[in-house]
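Asker: Okay, here's the prediction I keep looking at, along with the sequence it came from:
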Amino acid sequence: MGGDLLTAEALAAGYGPVPVLHNVDLRVPTGTIAAVIGANGAGKTTLLRALSGMLRPTAGRIVFDGRDLRGTPVEQLVRRGVAHVPEGRGVIGELTVAENLRLGALWRRDRAAAASALDEVYQLFEPLARRRRHLGHQLSGGERQMLALGRALVGRPRLLLLDEPSLGLAPRVVAQTMALLRQLCDDTGLTVLLVEQNVRSALAVADQGIVMSLGRVVLAAPAARLRDDAELRHAYLGF
Ligand code: ATP
């Protein structure tokens, strides 16, 4: 424990000729939650894609657990413990809950450990245990979100990159999801980078707030400061 699990230095990325991220620096200490916040189009999703290997950075460095990730294929990133839950979640509607979850553990060689991780996910998300034979498309929005998160967790990631986990969820489910993330970080040393439109919920659970605007990080500060300092909130978050 201790130290930064993830750092990015002068990271740049974009789509084809269109640059989106410019000179992004960030540090996420092991076992902490960083909330990435900012207006629509600020580049939050693009940042997660660059960090998870889905999008190749055009410049800069990403260091995960002391190793430069440049050019590392996505499968290897997954093996090293980087899990990405994209916006829209990617639950497969034609597969059952159990089959979707098993996909998250496919790459693991240790079958016994994979089975026990699966049991843990069923304990964490009781509705998934009850519906394990239901198809993905039969689930509610909240259950689908649980399934996407559960599928990432059965791989026992060290770094979880989560894009808008609260989108379309009831406030109670959002609060439960956030509390669960906090618990996993505190108990297991999981590290989370969380992209959220729901700024208050994100800052309530995060250790650090990373504010983005127009593809740049304009502020990285302790979440408590962003929660409590009205001037800072007005200036960077507009409330
Ligand atoms: P939102 O909350 O709306 O998802 P965001 O902060 O996550 O916003 P991004 O989705 O990263 O922002 O988008 C940043 C910029 O990149 C926007 O100008 C967007 O139009 C552009 N962009 C996003 N995806 C693509 C793509 N696949 N091809 C080209 N441009 C894209």
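Answerer: All right, it came through fine.

Asker: Pop the domain breakdown of the chain in here.
Answerer: For the chain, the domain assignment from automatic domain parsing gives the residue ranges 4-81+157-237, 91-156.

Asker: how many neighbours does Gly93 have?
Answerer: Gly93 has 11 neighbouring residues, counting by other C-beta atoms under 10 Å. In short, each C-beta sits where N, CA and C put it, glycine included.

Asker: re earlier: hey, least reliable of the domains of the chain by pLDDT?
Answerer: When these are compared by mean pLDDT, domain 91-156 comes last with a mean of 89.

Asker: ok now the helix or strand encompassing Arg144, how far from the chain's centre?
Answerer: For Arg144, the host element (DSSP states H and E) is helix 141-153. For helix 141-153, the distance between its averaged C-alpha position and the chain's averaged C-alpha position is 12 Å (C-alpha atoms, centre = their mean, to the nearest Å).

Asker: buried ones in it?
Answerer: Of the residues in helix 141-153, those with enough neighbours to count as buried (16 or more other C-beta atoms under 10 Å) are 142-153.

Asker: So which of these is the closest to Ala35?
Answerer: If you rank the buried residues of helix 141-153 by distance to Ala35 using C-beta to C-beta, Leu149 comes first, at 16.0 Å.

Asker: State the distance from the closest one to the ligand.
Answerer: With the distance defined as C-beta to the nearest ligand atom, to the nearest Å, Leu149 ends up 19 Å from the ligand.

Asker: about what we covered before: run through who's touching the helix holding Arg144.
Answerer: Defining contact as C-beta atoms under 8 Å, 6 or more residues apart in numbering, one finds that helix 141-153 is touched by 83-85, 89-91, 97, 100-101, 103-104, 117, 120-121, 124-125, 127-128, 131, 136, 139, 160, 162, 165, 168-170, 173, 177, 184.

Asker: Just those: which are in helices?
Answerer: Judged by DSSP state H, the subset of these located in helices is 97, 100-101, 103, 117, 120-121, 124, 127-128, 173, 177, 184.

Asker: Make JSON lines from those and add distance to Val28 and neighbour count to it.
Answerer: Formatted as JSON lines, the entries for those read as follows, by distance: C-beta to C-beta, whole Å; neighbours: other C-beta atoms under 10 Å:
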{"residue": "Val97", "distance to Val28": "30", "neighbour count": "28"}
{"residue": "Asn100", "distance to Val28": "27", "neighbour count": "25"}
{"residue": "Leu101", "distance to Val28": "26", "neighbour count": "23"}
{"residue": "Leu103", "distance to Val28": "26", "neighbour count": "15"}
{"residue": "Ala117", "distance to Val28": "23", "neighbour count": "19"}
{"residue": "Glu120", "distance to Val28": "24", "neighbour count": "15"}
{"residue": "Val121", "distance to Val28": "23", "neighbour count": "22"}
{"residue": "Leu124", "distance to Val28": "23", "neighbour count": "16"}
{"residue": "Pro127", "distance to Val28": "30", "neighbour count": "16"}
{"residue": "Leu128", "distance to Val28": "28", "neighbour count": "23"}
{"residue": "Val173", "distance to Val28": "25", "neighbour count": "18"}
{"residue": "Thr177", "distance to Val28": "19", "neighbour count": "22"}
{"residue": "Leu184", "distance to Val28": "15", "neighbour count": "20"}
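
Asker: List just the nearest of those residues to the ligand.
Answerer: When these are compared for distance to the ligand, the smallest value, 18.0 Å, is given by Thr177; criterion: C-beta to the nearest ligand atom.
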